[in-house]
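Student: Sequence first, then the predicted structure:
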Amino acid sequence: MKRPSFSEGVIVALVAALIGSMVYTVLPGLLGPAWTIRALVAGLGLGYILYLLRRSPERTGRFVTLTGWLLLAGPSWFLIVDPLLYLTVHLALVWLVRALYHQPGPLAALMDLALNLTALMAGLWAFVHSESAFLGIWTFFLVQALFVAVPSADGRRAGSDAGTGPQPDQFQTAYRSAEAALRKLSSHPLK
């Protein structure tokens, strides 16, 4: 499976910003501003986590990951009063999923955490200065799209085939070459 690209992240940012700004505009009349922000954060967080899981080559643990998200996001909806802390919980869940499913090692996961914090600050800055939910969400997810450029400890990017090893056809080619070299060596006695 082809890994996510920055241009795909830009499209995800645009879709999230469009949906988020519509929700931010419509729901306050129905739920009130506090519940709207909770619904917006939870919905965008779940949508992004589903996107990350869908785009990950790793197939194991998806049910456990979604169950863990539900077990953390559900109670936080009712227990966390501060909207910034609530947002931080969801951001930590996004980081955890990306670190587990898309980053090749601990150093890349720490760099991804720094990227998440940068995205949070940039998104909040854009929202506060423009008073636009669209621009705040767009900026947040646009910075998040840079996660494909996070390098691992060996310098390869997470979006490359780092850590996946040689492809089967490359292995077969190398195996046949090694067999041919061994046959050639064994057919010529040493002088």
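Tutor: Everything's here; your move. Note that the structure is predicted; figures quoted are calculated from it, not measured.
Student: so Gln103 sits in a strand?
Tutor: No: for Gln103, which was evaluated using DSSP: H, G, I helix; E, B strand; the rest coil, the result is coil, with no strand membership.
Student: is it true that it touches Ala109?
Tutor: Yes: contact between Gln103 and Ala109 holds when scored by CB atoms under 8 Å: they sit 4.7 Å apart. C-beta: built from backbone N, CA, C; applies to glycine.
Student: more neighbours, the two?
Tutor: Just comparing Gln103 and Ala109: by other CB atoms under 10 Å the higher neighbour count belongs to Gln103, 22 against 19.
Student: Pull up the gap between that one and Val148, please.
Tutor: Between Gln103 and Val148 the distance is 10 Å, computed by CB to CB, to the nearest Å.
Student: Could you do Arg38 as well?
Tutor: When distances are taken as CB to CB, Arg38 and Val148 turn out to be 29 Å apart.
Student: and the two? which has more neighbours close in?
Tutor: Set side by side, Arg38 and Val148 show more neighbours around Arg38, with 22 against 18, by other CB under 10 Å.
Student: Spell out the residue ranges of the helices in the protein.
Tutor: In the chain, helices defined by DSSP state H lie at 6-26, 28-31, 33-55, 62-79, 83-101, 106-130, 133-144, 168-187, listed in chain order.
Student: Pick the most deeply packed of the ones you listed.
Tutor: Across those, the average number of neighbours (mean count of other CB atoms under 10 Å) peaks for helix 133-144, which reaches a mean of 22.
Student: what about dumping the CA coordinates of that helix to CSV?
Tutor: These are the backbone C-alpha positions of helix 133-144, laid out as CSV (Å, rounded to 0.1, in the frame of the first residue of the first chain):
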residue,chain,number,x,y,z
ALA,A,133,-12.9,28.1,12.3
PHE,A,134,-12.0,27.2,8.7
LEU,A,135,-8.6,28.8,8.9
GLY,A,136,-7.9,27.4,12.4
ILE,A,137,-8.7,23.9,11.3
TRP,A,138,-7.0,24.3,7.9
THR,A,139,-3.8,25.5,9.5
PHE,A,140,-3.8,22.7,12.1
PHE,A,141,-4.3,19.9,9.6
LEU,A,142,-1.9,21.5,7.1
VAL,A,143,0.9,21.4,9.6
GLN,A,144,-0.2,17.8,10.5
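Student: How far off centre is that helix?
Tutor: 15 Å (CA atoms, centre = their mean, to the nearest Å).
Student: what sits up against that helix?
Tutor: Defining contact as CB atoms under 8 Å, 6 or more residues apart in numbering, one finds that helix 133-144 is touched by 9-10, 12-14, 16-18, 20-21, 24-25, 40, 44, 48, 94, 115-116, 118-120, 122-128, 130.
Student: Repeat the analysis, applying 7 Å as the threshold.
Tutor: Outside helix 133-144, the residues that touch it by CB atoms under 7 Å, 6 or more residues apart in numbering are 9-10, 12-14, 16-17, 20-21, 24, 115, 118-120, 122-124, 126-127.
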